[in-house]
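Chemist: using only what follows, build the 3D model:
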Amino acid sequence: MHCFMAILVSGLSIGGHEPWVGLPLTRAAQAAGHKVIATSRNPSRTPDLVAEIESKEGKWVQLDVDSRGCGNVTTDLESSSEHIDVMAVLPHIRQRKSGAIINMSSGTSLDGIPAMGVYAGAKAGMNALTKILAKEVTPFNIRTLTVILGTFNTNIPNSVVSCETPPLEDYKGTLTKLVQVLLVSGNIKPKSDKDKAVQAVFQVVADEGIGEGKQIEKLLPLGSGMTPHLKGVLDYLGNAVDVSGSVTNSVDVAK
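Modeler: Below is the predicted model:
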């Protein structure tokens, strides 16, 4: 029997600058008969979306707590629990003994790309948090899924801006500078289709179509560009085992 879900679409809001995941995912879930709570930081900017939602008996509510995809510029020691709290929804699905936590990550978090340290570091931290969360919520029949996204045919490549601080001459002619220039230029030709990605995420979450039988999986790479990224990570870790294995095992307490 088909199970209908209540789905919260957050982080990638339906009214964001490039709502290529949030909005299509909302529409896909709604079309399949699921109830959707979709967040928008500024509904007044998207009157057409407001009309679309209200025409389908949608209602607006005030959301006081939302762990959204924002940039928080502060040091670790200056961060408060309010800044890093991710538990607004978890107590409710834990009590219900069912649910799913889906986090959208990036291929940059896997092997690192020069000039993208802050972004990649944030995504890598989220990956680690989700791994730990998976172990903590499994007893409550809650699944987690980290979606590792490659480059897709969105407007994001045209929205990249360089840092306002003067560039360091030390990096002139280096790979880091070349990557920075490429990213800011917007001359990136993505191979992957954003609409297919959204459908893949929804079907894996809903356990249907291409995602049927994959409910136990915790990692979903999307985009053909992810294959070399993943192979690079495997080679990196495998090399550490092969080259440093004897050193790794040489520091145990003497028996």
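Chemist: burial count for residue 37?
Modeler: By the criterion of other Cβ atoms under 10 Å, residue 37 has 14 neighbours. C-betas here are computed from N, CA, C, even on glycine.
Chemist: element containing it?
Modeler: Here residue 37, judged by DSSP states H and E, is contained in strand 35-38.
Chemist: what's the weakest-modelled helix or strand in the protein?
Modeler: Across the helices and strands of the chain, mean confidence by mean pLDDT, DSSP states H and E is lowest for helix 81-84: a mean of 48.
Chemist: got the contact list for the next helix or strand after that helix?
Modeler: Using DSSP H and E, the helix or strand that follows helix 81-84 in sequence is helix 90-96. Applying Cβ atoms under 8 Å, 6 or more residues apart in numbering, the external contacts of helix 90-96 come out as 99, 101, 137, 140, 142.
Chemist: give me the distance from helix 90-96 to the chain's centre.
Modeler: For helix 90-96, the distance from its own C-alpha centre to the chain's C-alpha centre is 22 Å (Cα atoms, centre = their mean, to the nearest Å).
Chemist: which of the residues in it are buried?
Modeler: Residues 90, 93-94 are the ones in helix 90-96 that count as buried (16 or more other Cβ atoms under 10 Å).
Chemist: ditto for stretch 220-227
Modeler: 220-223, 225-226.
Chemist: ok, of those residues, which one's closest to residue 43?
Modeler: Closest approach between the buried residues of stretch 220-227 and residue 43, by Cβ to Cβ: residue 222, at 28.4 Å.
Chemist: distance of that closest one from residue 56?
Modeler: Relative to residue 56, residue 222 is positioned 28 Å away (Cβ to Cβ, to the nearest Å).
Chemist: any low-confidence regions in this protein?
Modeler: By pLDDT under 70, the weakly predicted segments of the chain are 1-20, 38-39, 41, 57-88, 155-166, 186.
Chemist: where exactly do the helices run in it?
Modeler: 22-31, 47-55, 81-84, 90-96, 108-111, 117-137, 175-185, 194-206, 226-248 (DSSP state H).
Chemist: okay, those helices in a markdown table with distance to residue 167 next?
Modeler: Listed next are the helices of the chain as a markdown table, based on distance: least, Cβ to Cβ, whole Å:
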| stretch | distance to residue 167 |
| --- | --- |
| helix 22-31 | 34 |
| helix 47-55 | 39 |
| helix 81-84 | 30 |
| helix 90-96 | 42 |
| helix 108-111 | 21 |
| helix 117-137 | 15 |
| helix 175-185 | 8 |
| helix 194-206 | 32 |
| helix 226-248 | 27 |
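Chemist: which ones are touching the closest residue to residue 101 other than its chain neighbours?
Modeler: For residue 101, ignoring the flanking residues on the chain, the nearest one in space by Cβ to Cβ, 6 or more residues apart in numbering is residue 144 at 4.7 Å. Going by Cβ under 8 Å, 6+ apart, residue 144 touches 100-103, 130, 133-134, 137, 218.
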